[in-house]
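Colleague: I'll drop the sequence and a predicted model, then ask my questions.
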Amino acid sequence: MVTADLISRARDGDGDAFRELTEPYRRELLVHCYRMLGSFQDAEDALQDTLLAAWQSLGGFEGRSSLRTWLYRIATNRCLDARRTASRRPAKEWDVPNVEPPEPTRFGEVVWLQPFPDALLEGAIDVPLGPEARYEQTESISLAFVTALQVLPPRQLAVLVLRDVLGYHADEVAGMLDSTVDSVTSALKRARASLQRRQPPVAGREPPPAADSPAEDAIVASFVRAWESADLDALVALLTDDAFISMPPMPFGYEGRDVVARFCVGLFAAGRRFDLVPTRANGQPAFGAYLRAPAGIRHGTGLYVLTLTGDRICAMTRFDNSVLPSFGLPRSLPSR
């Protein structure tokens, strides 16, 4: 009854009623747009487009589905439009002064990837899921999962997220996408097969420690000590044999403990030293990295996100310093 009253008032142009209607879904819709687009900035834009479209078309909402499902339909189609028409963030050339990187072992396909601040996950990944969901919400926001999603064709991506992440029935997804159940089932089969090929192998790999657990805290503390002191031996001891580092929007990737170590040697060369400011991204430990300058001020060079397995680091993703403000981190720190 309360929702019906709010809908009636919103249809009459009451903006406060519309905000009260949609506010409970804003964060989960933002996460949905992020999974679809892989870019936090693009997800924010898509969310605003979704809410504007919902405001403008509220008169056509007939209540045949829940308001939440109706909003997901709009958000999904706005993201599909964005995937078709938006120009993706282009790849960047190597831009680390006075550092000559080793030869990449592979080149990244998803150069537009951006991290998602954990501060905005509260209330967004503990939402009720449908019976078809196959993934834990924390897994489905991880960098590895979001990266793998981005190489799927847009409609396959939409179907997989709606079916396997959110748990909608095939007929509900068909309605959202103006498609048929057979088409949805076929797209889901292809998407699952592609995702299985793309995701890193997990057989025999230990799960990461729980967020903010003593085990995670111990790995994080060891990493910070090693990185800030440029202790390469201590850093290498934390890495798995197949550790991987990627650097969107730069397409360079380095796989294997030895080549990652060579990359870090270059970063620490000529006395370059960093201070790390902890944060969290995509449910994973993350750090703003600040280069110590002779004058004392420390300049933000980027954000590192760690992927953990057991008591080791199996991946590091370095983002450029343009993402720091999204995490409430400054572009520079004063001298200390």
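Modeller: Thanks, I have it. A quick note: this is a predicted structure, and the numbers were derived from the prediction, not measured.
Colleague: can you give me the strands for the stretch 101-250 of the chain?
Modeller: Secondary structure of the stretch 101-250 of the chain (DSSP state E, counting those that start in this stretch): strands located at 106-107, 239-247, 250-255.
Colleague: who does the longest one touch, helix- and strand-wise?
Modeller: Strand 239-247 makes packing contacts with strand 250-255, helix 257-268, strand 312-320 when contacts are defined by 3 or more Cβ pairs under 8 Å, 6 or more residues apart in numbering; DSSP states H and E. C-beta here means a position set from N, CA and C on the backbone, and glycine is covered the same way.
Colleague: of all these, which lies closest to Arg88?
Modeller: Closest approach to Arg88 among those (Cβ to Cβ): strand 250-255, 12.2 Å.
Colleague: surely Tyr290 meets Gly296?
Modeller: No - with contact defined as Cβ atoms under 8 Å, Tyr290 does not count as touching Gly296 (11.6 Å).
Colleague: about what we covered before: need the helices and strands packed on strand 239-247 in JSON lines (columns: distance to Leu303 and mean pLDDT).
Modeller: Shown next, in JSON lines, are the helices and strands packed on strand 239-247 (distance: least, Cβ to Cβ, whole Å; pLDDT from 0 to 100):
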{"stretch": "strand 250-255", "distance to Leu303": "13", "mean pLDDT": "92"}
{"stretch": "helix 257-268", "distance to Leu303": "14", "mean pLDDT": "92"}
{"stretch": "strand 312-320", "distance to Leu303": "5", "mean pLDDT": "96"}
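Colleague: what about the top strand by length along the chain, average pLDDT?
Modeller: When the chain is parsed with DSSP state E, its longest strand is strand 298-309. Strand 298-309 carries an average pLDDT of 96.
Colleague: Okay, buried residues for that strand please.
Modeller: Buried residues in strand 298-309, defined by neighbour count with 16 or more other Cβ atoms under 10 Å: 298, 300-309.
Colleague: now stretch 160-172
Modeller: Residues 160-168, 170, 172 are the ones in stretch 160-172 that count as buried (16+ other Cβ under 10 Å).
Colleague: which residues sit against that stretch?
Modeller: Here stretch 160-172 makes contact (Cβ atoms under 8 Å, 6 or more residues apart in numbering) with 32, 35-36, 65, 69, 72, 76, 129-135, 137, 140, 149, 152, 173, 176, 181, 184-185, 187-188, 191-192, 195.
Colleague: try it again with 6 Å
Modeller: For stretch 160-172, the surrounding residues in contact (Cβ atoms under 6 Å, 6 or more residues apart in numbering) are 35, 129-135, 140, 173, 181, 184-185, 188, 191.
Colleague: dump the residue contacts of Gly59.
Modeller: Contacts for Gly59 (Cβ under 6 Å, 6+ apart) come out as Arg11.
Colleague: Just the buried residues from the contacts of stretch 160-172, in ChimeraX please.
Modeller: Buried residues within these, by 16+ other Cβ under 10 Å, are selected in ChimeraX with:
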select :35,129,132,133,135,140,173,184,188,191
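Colleague: follow-up on the earlier one: could I have the CA atoms of the longest strand of the chain written out in PDB?
Modeller: Extracted in PDB, the C-alpha atoms of strand 298-309 (Å, rounded to 0.1, in the frame of the first residue of the first chain):
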ATOM      1  CA  ARG A 298      54.100  12.200  -1.900                       C
ATOM      2  CA  HIS A 299      52.400  11.900  -5.300                       C
ATOM      3  CA  GLY A 300      49.700   9.400  -6.000                       C
ATOM      4  CA  THR A 301      50.800   7.000  -8.800                       C
ATOM      5  CA  GLY A 302      48.000   4.500  -8.800                       C
ATOM      6  CA  LEU A 303      45.900   2.000  -6.900                       C
ATOM      7  CA  TYR A 304      46.900  -1.700  -6.400                       C
ATOM      8  CA  VAL A 305      44.300  -4.400  -5.800                       C
ATOM      9  CA  LEU A 306      45.500  -7.800  -4.500                       C
ATOM     10  CA  THR A 307      43.900 -11.100  -5.300                       C
ATOM     11  CA  LEU A 308      44.700 -13.700  -2.600                       C
ATOM     12  CA  THR A 309      44.800 -17.400  -2.500                       C
END
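Colleague: ok, residues contacting it?
Modeller: 115, 143, 205-206, 208, 275, 281, 284-292, 313-321, 323-324, 331-333.
Colleague: Equivalent analysis for stretch 85-105, please.
Modeller: Against stretch 85-105 from outside (Cβ under 6 Å, 6+ apart): 111-112, 249-255, 259, 262-263, 266.
Colleague: When Tyr290 and Gly296 are compared, which one has more neighbours?
Modeller: Looking at Tyr290 and Gly296 with other Cβ atoms under 10 Å, you find the greater number of neighbours at Tyr290, namely 24 against 10.
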